[in-house]
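Below is the sequence, then the predicted model.
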Amino acid sequence: MSDPAERAAALDEKDELRPVREKFVLDDTVYLDGNSLGALPGHVPARVADVITREWGELRIRSWEESGWWTAPERVGDRIAPLLGAAPGQVVAGDSTSVNVFKAVVGAVRMAGAGRDEILADEASFPTDGYIAESAARMTGCTLRALPAARIPVEAGPRTALALVNHVDYRTGRLNDLPAVTAALHDAGALAVWDLCHSAGALPVRLDAHGVDLAVGCTYKYLNGGPGAPAYLYVREELQARFDSPLPGWNSHAVPFGMDPAYAPADGIIRGRVGTPDILSMLALEAALDVWDGVSVEAVRAKSLALGDFFLECVDAYVPEGRVRCVTPREHPQRGSQIALACADAGTVMTELIRRGVVGDFRHPDVLRFGFTPLYTSFADVARAARVLGEVVG
Ligand SMILES: Cc1ncc(COP(=O)(O)O)c(C=O)c1O
Ligand SMILES: Nc1ccccc1C(=O)C[C@H](N)C(=O)O
């Protein structure tokens, strides 16, 4: 191919998302780890300082009402919803993804019809999902079957209560077929529970359009909410009245300040709440979501795929043939927003890449992971990452 650096400059020149990069705090490292921790939007520190000094420091307890702290989980949920293709009132922010997986899986078992005592789980999912699903299965008297995501449509049957599937495989970057798997689960009378950690903010998800039942995800990756930022839970509107949370804390009560010893769930997505929300993180996330103003997920997806294609071309140009093996599907419909390259010495290669200013991550046992966040990743970043990779492994 013609000089990658020149190609990169031309691609950056016509990139419609280029101005969004200016909204982030970046330096001269190439940051390709936004699929683990998104970069900091530049306006967030001032907002967090205001929350601390004024809302907490001056207004103190009054802020639960006057600063909108109490209703932040639903409000932030509604800010996330468009990125998931969800109408308002179906997403609540709070807790970790792990905790929301628990709520969603147990909630789904409780909604499943009689005789449905089997949980299917995507065997390649991020480990926390499998651990929680296994515990949820034991607690609910279900059996858990871990399978490749592609087998779920075929294996789902009359005993299946739900399947828990990762939309994008955290290791390989493979995009699972959400519409087809969801439809097959519904045909079998089962519920579809999706983990969107590696897809939300990177590609269109369209939860409502595809009739997804429940979904969870984190906000510290492509949503740039900050380390340990609150996760979210989606419960499809039609199912909310039947959603019986296994963690019915007082924040999910119909009258939380009634202090009634008897539990009565709130209507709507509020019943997905548990206890007091982590306000500092919640409001940092809320501010971080401002970077999406005027940005379409479709534009993000188009750039994400273009970055991935260009990275692969640059790897072909710079890295000796056979030295690394791409484990991410090259076909667009099967690809998330990362490229994963396998090589035997991946751990030491990544350490050296980071030392030379190219930050990706290593995933056990042999994967180099390069994540592309279209809001701030440039084509020049991608060309430089491939060039430095070529120098390190060459
Ligand atoms: C698919 C997936 N699920 C869950 C998690 C983690 O959940 P938690 O935020 O509870 O640590 C991650 C990443 O950490 C992930 O990639
Ligand atoms: N939450 C973290 C805390 C510390 C280090 C990494 C993470 C990740 O999120 C890892 C990510 N889920 C992954 O797909 O590898």
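Arrived safely, thanks for sending. Residues are numbered from 1 along each chain as shown. Ligands and ions are numbered 1, 2, ... in the order given.

Beta-bridge partners for Pro265, please?
Counting by DSSP bridges, Pro265 is bridged to His253.

if I pick it, what's in contact with it?
Asp244, Ser245, Pro248, Ser252, His253, Ala254, Arg271 (CB atoms under 8 Å, 6 or more residues apart in numbering). C-beta coordinates here come from the backbone N, C-alpha and C atoms, glycine included.

same check, this time on Trp250
By CB under 8 Å, 6+ apart, the residues touching Trp250 are Pro256, Gly275.

That one and Glu238: what is the separation?
26 Å (CB to CB, to the nearest Å).

same deal with Asp195?
From Asp195 to Glu238 the distance is 21 Å (CB to CB).

Please list only the buried members of the contacts of Pro265.
The neighbour-count test (16 or more other CB atoms under 10 Å) applied to those identifies Ser245, Pro248, Ser252, His253, Arg271 as buried.

What count of nearby residues applies to the residue in the stretch 251-394 of the chain positioned nearest to ligand 2?
Among all residues of the stretch 251-394 of the chain, Arg363 sits closest to ligand 2, at 6.2 Å; criterion: CB to the nearest ligand atom. Arg363 has 18 neighbours, counted by other CB atoms under 10 Å.

which residues does it contact?
With contacts defined as CB under 8 Å, 6+ apart, the neighbours of Arg363 are Tyr170, Arg171, Ala340, Arg369.

Three-state assignment for Arg145, please.
strand (DSSP: H, G, I helix; E, B strand; the rest coil).

contacting residues around it?
So Arg145 contacts Glu118, Ile119, Leu120, Ala121, Glu155 (CB under 8 Å, 6+ apart).

now do Met282
Ala72, Pro73, Val76, Ala93, Gly94, Ala229, Pro230.

Can you tell me which of those is nearest ligand 2?
Nearest member of the contacts of Met282 to ligand 2, counting by CB to the nearest ligand atom, is Ala229, at 9.8 Å.

if I look at that closest one, how far off is Arg301?
As for Ala229, its distance to Arg301 is 22 Å (criterion: CB to CB).

swap in Gly89?
25 Å.

Counting neighbours, what do you get for whichever residue of the stretch 101-250 of the chain sits closest to ligand 2?
Nearest residue of the stretch 101-250 of the chain to ligand 2, counting by CB to the nearest ligand atom: Tyr170, 3.5 Å away. For Tyr170, the count of nearby residues is 24 (other CB under 10 Å).

Leaving out sequence neighbours, find the closest residue to Tyr234.
Ala215 (4.1 Å; CB to CB, 6 or more residues apart in numbering).

just to revisit the earlier point, between Asp195 and Glu238, who's got more neighbours?
The neighbour count for Asp195 versus Glu238, taken as other CB under 10 Å, is higher for Asp195 (27 against 10).

what sits against the nearest residue to the more buried one once chain neighbours are set aside?
Take Asp195 and drop its neighbours on the chain: the residue closest to it by CB to CB, 6+ apart is Asn166, 4.7 Å away. By CB under 8 Å, 6+ apart, the contact set of Asn166 is Asp122, Ala124, Ser125, Phe126, Asp129, Ala149, Asn176, Trp194, Asp195, Cys197, His198.

Spatially central residue for this protein, please.
Cys197 (1.9 Å; CA atoms, centre = their mean).

pLDDT score assigned to that residue?
What the model reports for Cys197 is a pLDDT of 98.

shift numbering so it begins at 46
Right, with 46 as the first residue, what we last looked at is Cys242.

can you tell me if the strand ranked longest in the chain touches ligand 1.
Ranked by residue count, the top strand of the chain under DSSP state E comes out as strand 205-211. Yes. Contact of strand 205-211 with ligand 1 (CB under 6 Å from any ligand atom) involves Asn211.

now for the next helix or strand after that strand, which elements pack on it?
Going down the chain from strand 205-211, the next helix or strand is helix 223-232, by DSSP states H and E. Judged by 3 or more CB pairs under 8 Å, 6 or more residues apart in numbering; DSSP states H and E, the packing partners of helix 223-232 are helix 197-200, strand 205-211, strand 236-240, helix 252-255.

at 7 Å instead, please
helix 197-200, strand 236-240, helix 252-255 (3 or more CB pairs under 7 Å, 6 or more residues apart in numbering; DSSP states H and E).

Could I get the full set of strands for the chain?
Using DSSP E, strands in the chain cover 75-76, 136-138, 163-167, 188-192, 205-211, 236-240, 259-262, 277-280, 370-371, 383-387, 403-404, 406-408, 412-416.

is stretch 393-403 up against ligand 2 anywhere?
No. Shown here: stretch 393-403 not in contact with ligand 2 (CB under 6 Å from any ligand atom), separated by at least 12.6 Å.

now what about that stretch, what contacts it?
For stretch 393-403, the surrounding residues in contact (CB atoms under 7 Å, 6 or more residues apart in numbering) are 73-75, 77, 388, 405-407, 413, 429-430, 433-434, 437-438.

which of those are the two that sit furthest away from each other?
Taking CB to CB as the measure, the contacts of stretch 393-403 span a maximum distance of 25.8 Å, between Asp73 and Cys388.

Which of these two has more residues huddled nearby?
Between Asp73 and Cys388, counting by other CB under 10 Å, Cys388 is the more crowded of the two (19 against 6).

Excluding sequence neighbours, find me the nearest residue to that one.
Per CB to CB, 6+ apart, closest to Cys388 is Val369, 4.5 Å.

Of the helices and strands packed on helix 223-232, give the one that comes closest to Pro90.
strand 236-240 (29.9 Å).

burial of the residue nearest to Leu248 when sequence neighbours are not counted, as a residue count?
Nearest residue to Leu248, sequence neighbours excluded (CB to CB, 6+ apart): Arg346, at 4.5 Å. When neighbours are counted by other CB under 10 Å, Arg346 registers 17.

so how far is Gly320 from Arg346?
Relative to Gly320, and taking CB to CB, Arg346 is found at 36 Å.

again with Gly313
18 Å.

As JSON lines, the contacts of Met327 with distance to ligand 1, pLDDT and neighbour count would be great.
Shown next, in JSON lines, are the contacts of Met327 (distance: CB to the nearest ligand atom, whole Å; pLDDT from 0 to 100; neighbours: other CB atoms under 10 Å):
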{"residue": "Ala117", "distance to ligand 1": "18", "pLDDT": "98", "neighbour count": "21"}
{"residue": "Pro118", "distance to ligand 1": "16", "pLDDT": "98", "neighbour count": "28"}
{"residue": "Val121", "distance to ligand 1": "16", "pLDDT": "99", "neighbour count": "25"}
{"residue": "Ala138", "distance to ligand 1": "13", "pLDDT": "99", "neighbour count": "30"}
{"residue": "Gly139", "distance to ligand 1": "12", "pLDDT": "98", "neighbour count": "25"}
{"residue": "Ala274", "distance to ligand 1": "9", "pLDDT": "98", "neighbour count": "25"}
{"residue": "Pro275", "distance to ligand 1": "9", "pLDDT": "98", "neighbour count": "30"}
